[in-house]
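[1] please work out how this folds:
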Amino acid sequence: MAKTSWSEVAAKPGAWHLLLGRLHNSFGDGPCESDPFDTARVRFAVNLMARYCSGLPVRGPVALQGGRDGCDTLVKLATGDSADFERLGLVTASRPVAAGEWKAQAQFVLDEPLHRDLLQIAGAPDTRGAGRRARERLTAEREDRSLRWRVSSRERL
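    Okay, here's the model as predicted:
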């Protein structure tokens with residue numbers, strides 16, 4: 001899967017197919033009261049869709065972005081390939097809508113049952129990296145602090 005930037009998609013929307021997912025309240029334990037922009041759920045949905053595209057696999061370029069439409073939280077997926085657009089829409093049970101400025105457009109609702117279906121293709125998120133990077137950063141900070149202590153104690157002598 002070739003990822004592309006959303007700015008490239010926005011420059012020529014007529015060359016792209018847009019798959020628009022609206023996050024249902026049942027997805028990702030529901031909206032967070034303390035986060036008015038629902039950023040954690042949007043990030044979770046975008047990462048899920050990226051893994052879903054990798055799991056199919058998608059042949060053409062893909063761009064992903066989270067967003068809002070009034071009170072609705074969205075995940076936007078743009079692809080340049082018609083066959084990819086059709087395959088992506090099958091599992092999500094997308095329904096076509098007026099294309100507007102896009103080559104084609106479809107919408108789906110990302111709820112908990114669809115989330116489980118997508119996980120069959122996407123797989124579980126890989127959480128190893130964040131923990132590994134945090135441990136490496138902590139180890140480096142400890143090493144740095146111990147070296148500063150040793151140098152400062154030698155200077156006093």
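[2] from here on, just use CA atoms for contacts and neighbour counts.
    OK.
[3] helices or strands next to the one helix or strand Gln120 maps to in the packing?
    Applying DSSP states H and E as the criterion places Gln120 in helix 112-122. In terms of contacts (3 or more C-alpha pairs under 8 Å, 6 or more residues apart in numbering; DSSP states H and E), helix 112-122 is packed against helix 39-55, helix 82-92.
[4] mind redoing it with 7 Å?
    Packed against helix 112-122 by the contact rule (3 or more C-alpha pairs under 7 Å, 6 or more residues apart in numbering; DSSP states H and E) you find helix 39-55.
[5] quick check: angle from the helix it packs on to helix 82-92?
    Here the directions of helix 39-55 and helix 82-92 differ by 120 degrees (axes from the mean of the first three to the mean of the last three C-alpha atoms, to 10 degrees).
[6] and the contacts of helix 39-55?
    The set of residues that contact helix 39-55 without belonging to it, under C-alpha atoms under 7 Å, 6 or more residues apart in numbering, is 1, 28, 64-66, 75, 118, 121-122.
[7] restricted to buried residues, select those in ChimeraX.
    Only the buried members of these enter the following ChimeraX selection, criterion being 16 or more other C-alpha atoms under 10 Å:
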select :28,64,65,66,75,118,121,122
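[8] could you dump the contacts of helix 39-55 into a markdown table and include pLDDT and distance to Arg43?
    Conversion of those to a markdown table gives the following (pLDDT from 0 to 100; distance: C-alpha to C-alpha, whole Å):
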| residue | pLDDT | distance to Arg43 |
| --- | --- | --- |
| Met1 | 71 | 19 |
| Gly28 | 74 | 11 |
| Leu64 | 95 | 10 |
| Gln65 | 94 | 9 |
| Gly66 | 92 | 7 |
| Val75 | 94 | 9 |
| Leu118 | 89 | 16 |
| Ile121 | 87 | 18 |
| Ala122 | 86 | 15 |
